[in-house]
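Colleague: model the structure of this input:
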Amino acid sequence: MVISPTEARRFIVGYQCLLEMIYRQSNDNPNLTIREKLHAARELVSITPTLFDAAATGLESNGQPVAADVLATVKTLNLKQWVFLRETTKFAIFIEDNGESAYGVLGLTNHISDIIGGSAATFTAGLFAYQGQYICDGLFKNRCRLRPHLKSEYNETLRLLKKNGGFHTTTPRFL
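Modeller: As a prediction, this is how the structure comes out:
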């Protein structure tokens, strides 16, 4: 339920370089941890997606180009509050907290349940369309465990989404 280590490394390095450049270009507060800087940059780019292009240009001029496929992937960023319901043998199940859609998601280097420490949780994270699948950036924020009654409600939401075509395990072909 993770992508290949080589592909994960390529994505992580490119994504992190882009986020760090976005942070430096917008408000370089040296007192923040790297994780806090990545979160701040990710929030900025979710509001202004063109920041990815500006960061890529900046990295290119510094002799650190980001691979075109990584840049295309990060531009599909879908940052929101997710409900992580559970993992299957193929993927982790993420549901939009409003219940409108659900996704089968792969981790980059670790299973989502290993990072979260179980299942049935909610958090803010970034999802991307990557090589026909959905991946999670692993930068979790605002984590909270779901109580059993909410887990039951989201299981019912998932059942309805599957029935009505709202559960997605592969990305649209054009992404």
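
Colleague: kindly state the domain boundaries assigned to this protein.
Modeller: 5-74, 80-168 (automatic domain parsing).

Colleague: quick one: those domains as a markdown table, columns for mean neighbour count too.
Modeller: From N, CA and C alone the C-beta is placed, and that goes for glycine too. Shown next, in a markdown table, are those (neighbours: other CB atoms under 10 Å):
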| stretch | mean neighbour count |
| --- | --- |
| domain 5-74 | 16 |
| domain 80-168 | 17 |
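
Colleague: need those domains in JSON lines with mean pLDDT, can you?
Modeller: Shown next, in JSON lines, are the domains of the chain (pLDDT from 0 to 100):
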{"stretch": "domain 5-74", "mean pLDDT": "95"}
{"stretch": "domain 80-168", "mean pLDDT": "96"}
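
Colleague: what sits closest to residue 60 if chain neighbours are left out?
Modeller: The spatial neighbour of residue 60 that comes closest, neighbours along the chain excluded (CB to CB, 6 or more residues apart in numbering), is residue 66 at 7.8 Å.

Colleague: wait, residue 161 sits on residue 96?
Modeller: No: using CB atoms under 8 Å, residue 161 is not in contact with residue 96, being 9.4 Å away.

Colleague: quick check: next helix or strand after the helix of greatest length in the chain?
Modeller: The helix spanning the most residues in the chain, taking DSSP state H as the definition, is helix 5-27. Once helix 5-27 ends, the next helix or strand along the chain (criterion: DSSP states H and E) is helix 34-47.
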